[in-house]
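Novice: next one to model:
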Amino acid sequence: MKLPAHAVILAGGRGTRFWPRSRTRTPKQLLNIVGTETMIGQTLRRIAPLFPASRVWVVTQAEQAEAVLRQLPNVPREHVLVEPEGRNTAAAIALASVHLRRECGDAVTAVLPADHVIARETRYRALARQALRLADAPDALVILGIEPSRPETGYGYIERGEAAGACHGASPEAYRVRRFTEKPVLRLARRYVASRRYFWNAGMFFWRASTFLAQLDRFLPATARTLGGIENAIGGTGYAARLRRAYGRLENISVDYAVLEPASRVKSGVRVIVAPAKDIGWSDIGSWAAVYELLAERAGANVSAGETATIDAEGNYFWAPEKMVAAIGVRDLVLVETPDALLVCPRERAQDVGRIVKELERRKLRRLL
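Specialist: Below is the predicted model:
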């Protein structure tokens, strides 16, 4: 590999579907949702064989920055980048990219979510190494595509085109992206899975920082100019104030919509490539129902963080580690207790927990947010 490899971990989300455990200051990625490690701690440990802590960057928000620093003590403090406000993934990745350019000129960059589960870590790292080799080419934007296991309607899909070809002597399985698709209805999702030409878009990207910034300048020029304009202030006393004044003017748009989709449609001078990620045990654990599905040992099993006594109760997820949970005649429920709140909902409605957070915001119940 010609350039050094750095990792950028995106850790700025609120995780509203994991209320009441996930709050503004302690969102999903800072919690032990699955297992004893926090999600961001799992992410850092998983990539440690690929990236020393000195080459890890984290993009987060002000309310969470101190907690991130406590959980990742070996990551350089200046590599924990604080967004003044959330402006979606295009801005977050651009912020990290200009910092990378300022510090080391250029680097091959892995952009990774902080809050996913990957069960087969050795397999994942092997695929990530292949993606990094592909991304070392100055004309490559690489995405790991998850091979779908079911006709899922909650994810965006990537359709593959022709083979991407060898790159720097390595020729892992990889394809040009034919198109990105929105979250499909079930009928389309079934067709996508049956065709074996589609992958789930899990938001794991690999590219040179310089390649990404060049495409950002082409497709999102205002954001590129704004962040480029404050690059010389990085490390100085006026940097935080300049960033705060400028950040709210950045477009609030995902990197998929801002860069990857237009780059795949036009002659942009880059190849948008999907590298299949097969058999890595991936989950974005997007709701309490997904946590149940990940942890349940068999269909209908109850999953609990603490002691339980159940009679004629099946398929339930209980998080009340400080209390005995007694359940009689209930099925497919989610129960999550914190010192100040209790969530109860059917598992099939777990995706709607974020609506409760919006209601709390409407009622200005900030103590519960």
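Novice: show me what the lengthiest strand in the chain pairs with in its sheet, parallel or antiparallel.
Specialist: The single longest strand within the chain, with elements called by DSSP state E, is strand 198-208. Taking DSSP bridges as the criterion, strand 198-208 forms sheet pairs with strand 108-113 (antiparallel), strand 140-146 (antiparallel), strand 157-163 (antiparallel).
Novice: of all those strands, which one is nearest K323?
Specialist: If you check each of the strands paired with strand 198-208 against K323 by Cβ to Cβ, strand 108-113 wins as the nearest, at 31.9 Å. Heads up, the C-betas are built off the backbone N, CA and C, glycines and all.
Novice: in the closest one, what counts as buried?
Specialist: Using 16 or more other Cβ atoms under 10 Å as the burial criterion, the residues of strand 108-113 that qualify are V108, T109, A110, V111, L112, P113.
Novice: domain ranges for the protein, per the record?
Specialist: 5-283, 288-368 (automatic domain parsing).
Novice: quick one on the thing from earlier: export the strands paired with strand 198-208 to CSV and tack on mean pLDDT and distance to P4?
Specialist: Below are the strands paired with strand 198-208 laid out as CSV (pLDDT from 0 to 100; distance: least, Cβ to Cβ, whole Å):
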stretch, mean pLDDT, distance to P4
strand 108-113, 98, 7
strand 140-146, 96, 17
strand 157-163, 92, 28
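Novice: G203 is nearest to which of the ones you listed?
Specialist: It is, among the strands paired with strand 198-208 and with distance given as Cβ to Cβ, strand 108-113, at 5.3 Å.
Novice: CA atoms only: put that closest one into PDB for me.
Specialist: Taking Å, rounded to 0.1, in the frame of the first residue of the first chain, the C-alpha atoms of strand 108-113 are listed here in PDB:
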ATOM      1  CA  VAL A 108      -6.200   5.700   2.500                       C
ATOM      2  CA  THR A 109      -9.300   6.000   4.700                       C
ATOM      3  CA  ALA A 110     -11.800   3.500   6.100                       C
ATOM      4  CA  VAL A 111     -15.000   5.300   7.100                       C
ATOM      5  CA  LEU A 112     -16.900   3.100   9.600                       C
ATOM      6  CA  PRO A 113     -20.000   3.400  11.800                       C
END
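Novice: which residues are in contact with that strand?
Specialist: 1, 3-10, 43, 47, 50-51, 93, 96-97, 100, 128, 131-132, 135-136, 202-209, 212, 255, 284 (Cβ atoms under 8 Å, 6 or more residues apart in numbering).
Novice: centre of the chain to it, how far?
Specialist: Its chain's C-alpha centre and that of strand 108-113 lie 10 Å apart, by Cα atoms, centre = their mean, to the nearest Å.
Novice: tell me the helix or strand right after that strand.
Specialist: Later in the chain than strand 108-113, the nearest helix or strand by DSSP states H and E is strand 117-118.
Novice: what's the mean pLDDT across that next one?
Specialist: Strand 117-118 shows a mean pLDDT of 96.
Novice: sheet-wise, list the partners of that strand with their directions.
Specialist: strand 282-283 (antiparallel).
Novice: so the residue lying farthest from the centre of the chain bridges to which residues?
Specialist: The outermost residue of the chain relative to its centre, with distances by Cα atoms, centre = their mean, is I311 at 38.4 Å. Under DSSP bridges, the beta-bridge partners of I311 are I328.
Novice: show the buried residues in the contacts of strand 108-113.
Specialist: Buried among these (16+ other Cβ under 10 Å): 3, 5-10, 43, 47, 50-51, 93, 96-97, 100, 128, 131-132, 135-136, 202-209, 212, 255, 284.
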